[in-house]
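Colleague: heads up, no residue letters with this:
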């Protein structure tokens with residue numbers, strides 16, 4: 001009887017035994033949540049037209065459940081779905097004799113191609129306002145704040161940019177684009193390096209991605225961050241000061257912050273995008289944790305070309321299902337998609353890079369005066385002087401044979417340059433939602449125990 005019962009139990013367990021290998025063989029899928037940002041960058045310029053296909057690479061890895069699911073360098077494919085008028089750029093261009101109807105592309109991505117050639121359909125939100133990615137990092141030493149030093153620094157930076165135009169790869173294309181800008185009309189295109197931050201509209205189920213030991217990441221598309229972030233005890237994660245107790249946290253801003261409307265003391269949040277691991281490979285800071293930032297200084301842009309300034313730090317770290325932890329965090333770097341040139345000072349403040357406000361207007365004024373010089377060739381002096389309205393201005397200045405007209409065109413260009421550098425309102429510092437930042441944090445020390453003051457026994461109330 002006992003043998004029969006044992007056999008019946010064995011028969012009852014037989015389906016589970018047979019199914020065990022199948023259950024073990026099932027793959028685990030992780031959910032990438034909706035609203036997860038996917039910063040992508042265009043690898044090669046394309047025409048600015050509706051329906052144009054796009055192929056961009058992912059700048060940063062994506063984690064789910066503290067495991068890598070989408071490595072950096074993965075491909076997102078989509079297309080341009082609409083063209084919106086760029087009114088601000090149109091007005092500015094018309095003042096310089098360029099009547100190109102500039103547009104802002106609206107793009108949509110629907111396919112994800114992993115490095116192992118796996119293709120996944122994704123549902124994402126439309127993205128617009130793409131711009132070249134600008135990597136900001138804190139300088140090694142404190143910079144001077146005098147006007148003269150800022151102008152000298154701006155001249156040096158402009159000289160470096162000019163040298164880069166000649167020496168960097170792609171010289172032929174840059175020369176063509178420079179000539180195009182002198183024409184009253186030229187074809188539009190979406191430039192190489194344009195970045196959009198795409199957000200998922202629906203969750204995406206993916207397997208944990210395993211990178212083989214001999215896998216090669218293309219340095220041209222890999223971001224300047226490692227795919228696996230360790231605690232600051234590892235050399236890659238140490239702060240510039242070598243602080244072993246610090247963490248380098250990579251996060252995305254949950255809201256837009258701007259020097260135009262933020263007030264000192266207001267707070268904002270940033271969500272951790274990559275987990276931080278302890279030396280024993282346990283998770284120290286899981287992805288999805290929240291950094292709470294505080295605005296410490298906000299100066300809006302003002303007239304006469306005075307740009308805004310924004311300074312903030314981080315004082316609290318919220319871990320999932322744990323009490324909030326007090327930290328001391330400072331902005332170490334940020335990747336912004338902006339046409340405005342920004343910089344981080346040694347104290348963590350962000351402001352616009354100083355522009356050359358003297359040299360260019362002065363040179364244009366001197367050149368404009370050449371047309372009024374009776375010495376030399378009239379056509380040559382007119383060509384040198386008439387710098388306004390691009391190639392149209394030069395042609396008119398030469399053909400008209402009038403020194404006054406050529407000088408007028410040149411002084412117009414000098415006046416416009418002076419107006420743009422000295423009279424218009426400066427640029428505000430804006431960090432849009434989903435801006436990628438890197439924060440150096442250390443645990444905030446506990447307040448020291450202070451002994452109570454001892455009264456003098458002779459003192460009585």
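Modeller: Nice, I can see it. A quick note: this is a predicted structure, and the numbers were derived from the prediction, not measured.
Colleague: only C-alpha atoms from now on, for both contacts and neighbour counts.
Modeller: Fine.
Colleague: which residues in the stretch 151-300 of the chain form strands?
Modeller: 189-190, 194-199, 204-206, 247-253, 257-258, 267-272, 276-277, 283-285, 290-299 (DSSP state E, counting those that start in this stretch).
Colleague: please identify which of those strands is closest to residue 351.
Modeller: Residue 351 lies closest to strand 290-299 among the strands of the stretch 151-300 of the chain, at 9.6 Å (CA to CA).
Colleague: angle of the closest one against strand 267-272?
Modeller: 130 degrees (axes from the mean of the first three to the mean of the last three CA atoms, to 10 degrees).
Colleague: lowest confidence element among the helices and strands of this protein?
Modeller: The helix or strand of the chain with the poorest confidence is helix 2-25; it has a mean of 53 (mean pLDDT, DSSP states H and E).
Colleague: any chance of the strands of the stretch 151-300 of the chain in a markdown table, plus distance to residue 50 and mean pLDDT?
Modeller: What follows is the strands of the stretch 151-300 of the chain, written out as a markdown table (distance: least, CA to CA, whole Å; pLDDT from 0 to 100):
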| stretch | distance to residue 50 | mean pLDDT |
| --- | --- | --- |
| strand 189-190 | 11 | 94 |
| strand 194-199 | 17 | 93 |
| strand 204-206 | 27 | 93 |
| strand 247-253 | 30 | 92 |
| strand 257-258 | 32 | 91 |
| strand 267-272 | 34 | 94 |
| strand 276-277 | 42 | 89 |
| strand 283-285 | 43 | 89 |
| strand 290-299 | 38 | 92 |
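Colleague: JSON lines please, covering the ones you listed and showing distance to residue 59.
Modeller: Output for these, formatted as JSON lines (distance: least, CA to CA, whole Å):
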{"stretch": "strand 189-190", "distance to residue 59": "18"}
{"stretch": "strand 194-199", "distance to residue 59": "9"}
{"stretch": "strand 204-206", "distance to residue 59": "18"}
{"stretch": "strand 247-253", "distance to residue 59": "13"}
{"stretch": "strand 257-258", "distance to residue 59": "22"}
{"stretch": "strand 267-272", "distance to residue 59": "16"}
{"stretch": "strand 276-277", "distance to residue 59": "19"}
{"stretch": "strand 283-285", "distance to residue 59": "22"}
{"stretch": "strand 290-299", "distance to residue 59": "21"}
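Colleague: which one of those lies closest to residue 45?
Modeller: Closest approach to residue 45 among the strands of the stretch 151-300 of the chain is made by strand 189-190 (5.4 Å; CA to CA).
Colleague: which helices and strands sit right next to the closest one?
Modeller: The helices and strands touching strand 189-190, judged by 3 or more CA pairs under 8 Å, 6 or more residues apart in numbering; DSSP states H and E, are strand 46-47.
Colleague: quick one on the thing from earlier: now the strands of the stretch 151-300 of the chain as a markdown table including mean neighbour count and distance to residue 103?
Modeller: Listed next are the strands of the stretch 151-300 of the chain as a markdown table, based on neighbours: other CA atoms under 10 Å; distance: least, CA to CA, whole Å:
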| stretch | mean neighbour count | distance to residue 103 |
| --- | --- | --- |
| strand 189-190 | 16 | 9 |
| strand 194-199 | 23 | 14 |
| strand 204-206 | 17 | 32 |
| strand 247-253 | 24 | 27 |
| strand 257-258 | 20 | 25 |
| strand 267-272 | 21 | 31 |
| strand 276-277 | 22 | 41 |
| strand 283-285 | 18 | 42 |
| strand 290-299 | 21 | 31 |
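Colleague: out of the ones you listed, nearest to residue 442?
Modeller: Of all those, it is strand 247-253 that lies closest to residue 442, at 6.4 Å by CA to CA.
Colleague: show me what that closest one packs onto, helices and strands only.
Modeller: In terms of contacts (3+ CA pairs under 8 Å, 6+ apart), strand 247-253 is packed against strand 267-272, strand 436-443.
Colleague: could you redo those strands as CSV and give each row distance to residue 186?
Modeller: Shown next, in CSV, are the helices and strands packed on strand 247-253 (distance: least, CA to CA, whole Å):
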stretch, distance to residue 186
strand 267-272, 41
strand 436-443, 34
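Colleague: please point out which parts of stretch 302-322 sit buried.
Modeller: Neighbour-count burial for stretch 302-322 flags 302, 305-319 (criterion: 16 or more other CA atoms under 10 Å).
Colleague: same deal with stretch 410-422?
Modeller: Going by 16+ other CA under 10 Å, stretch 410-422 has these buried residues: 410-418, 421-422.
Colleague: so where's the stretch 101-250 of the chain shaky on pLDDT?
Modeller: Residue ranges of the stretch 101-250 of the chain with pLDDT under 70: 138-171, 211-245.
Colleague: ignore the last one, the stretch 351-461 of the chain
Modeller: By pLDDT under 70, the weakly predicted segments of the stretch 351-461 of the chain are 376, 443-461.
Colleague: where do the helices sit along it?
Modeller: For the stretch 351-461 of the chain, applying DSSP state H, counting those that start in this stretch gives helices covering 359-369, 378-385, 390-400, 403-418.
Colleague: which one of these lies closest to residue 75?
Modeller: The closest of the helices of the stretch 351-461 of the chain to residue 75 is helix 390-400. By CA to CA, the value is 39.3 Å.
Colleague: helices or strands next to that closest one in the packing?
Modeller: So helix 390-400, by 3+ CA pairs under 8 Å, 6+ apart, packs with helix 378-385, helix 403-418.
Colleague: what packs against the longest one?
Modeller: If I follow you right, that is helix 403-418. For helix 403-418, the packing partners by 3+ CA pairs under 8 Å, 6+ apart come out as helix 359-369, helix 378-385, helix 390-400.
Colleague: shouldn't residue 429 be in contact with residue 311?
Modeller: No. The pair residue 429 and residue 311 does not pass the contact test of CA atoms under 8 Å, sitting 9.8 Å apart.
Colleague: overlap of the contact sets of the two?
Modeller: Shared contacts of residue 429 and residue 311 (CA atoms under 8 Å, 6 or more residues apart in numbering): residue 350.
Colleague: out of the helices and strands packed on strand 247-253, which is closest to residue 93?
Modeller: Closest to residue 93 of these, according to CA to CA: strand 436-443, at 31.0 Å.
Colleague: over to the residue nearest the centre of the chain. Which of the three states is it?
Modeller: The centre of the chain sits closest to residue 336, judged by CA atoms, centre = their mean, with a distance of 1.8 Å. Of the three states, residue 336 takes strand according to DSSP: H, G, I helix; E, B strand; the rest coil.
Colleague: and it, what does it touch?
Modeller: 133-136, 431, 435-436.
Colleague: now residue 434
Modeller: 37, 197, 252-256.
Colleague: chain neighbours aside, what residue packs nearest to residue 38?
Modeller: residue 198 (4.9 Å; CA to CA, 6 or more residues apart in numbering).
Colleague: that neighbour is in contact with residue 128, isn't it?
Modeller: No. Using CA under 8 Å, residue 198 makes no contact with residue 128, being 9.1 Å away.
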